[in-house]
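Colleague: sequence first, predicted coordinates after that:
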Amino acid sequence: MLKRNPIFPNVIELNYQLGRIIGCNVYLVYNGDQWLLIDIGYEDVVDDVIETIRKMDFPFSNCVGLIATHADVDHIQGLAKLKGILKAPVLAHELAATPLKTGDPELDAYLAGEEDEEDNGPSFTSLDDLDDLSY
């Protein structure tokens, strides 16, 4: 088991926990045996997130939710993959619900290389299999 290293009582920030940066600030908040995640990060860090949760001995079945603070790609790209693994509900503010459910055609074009590279593009991405978002 990996020793839990909270930054505040019952709050673990995964970059701090791991001693290295895996992406955006991913917070695990726990109370007893129940826990939730705030923001997820890019899809390529989901395996690190899952492995860290497992090593800290948080049962996957006790995850009560995945919170998306906003729809920026660096906060939610891995959300669909993590939701599929944990089978937890996704929670977000109602203004983030549409971009989380449907994506953004401008960003899709940007990611496909169809827009000028000088443009930073919008800040959210498509999550096709995220069909039951609740907030």
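Modeller: Ah, there it is.
Colleague: give the contact list for the residue nearest to the spatial centre of the chain.
Modeller: By C-alpha atoms, centre = their mean, the chain has its centre lying nearest to I40, at 1.7 Å. Residues in contact with I40 (C-beta atoms under 8 Å, 6 or more residues apart in numbering) are V26, V46, V49, L66, A68, H75, I76, Q77, G78, L79, L82. In this view, the C-beta of every residue, glycine as well, is placed from N, C-alpha and C.
Colleague: ok, the closest residue to it other than its chain neighbours - how many residues close by?
Modeller: Nearest residue to I40, sequence neighbours excluded (C-beta to C-beta, 6 or more residues apart in numbering): G78, at 4.5 Å. The local packing of G78 (other C-beta atoms under 10 Å) involves 28 other residues.
Colleague: how much space separates G78 from K3?
Modeller: 25 Å (C-beta to C-beta, to the nearest Å).
Colleague: and what of I67?
Modeller: 25 Å.
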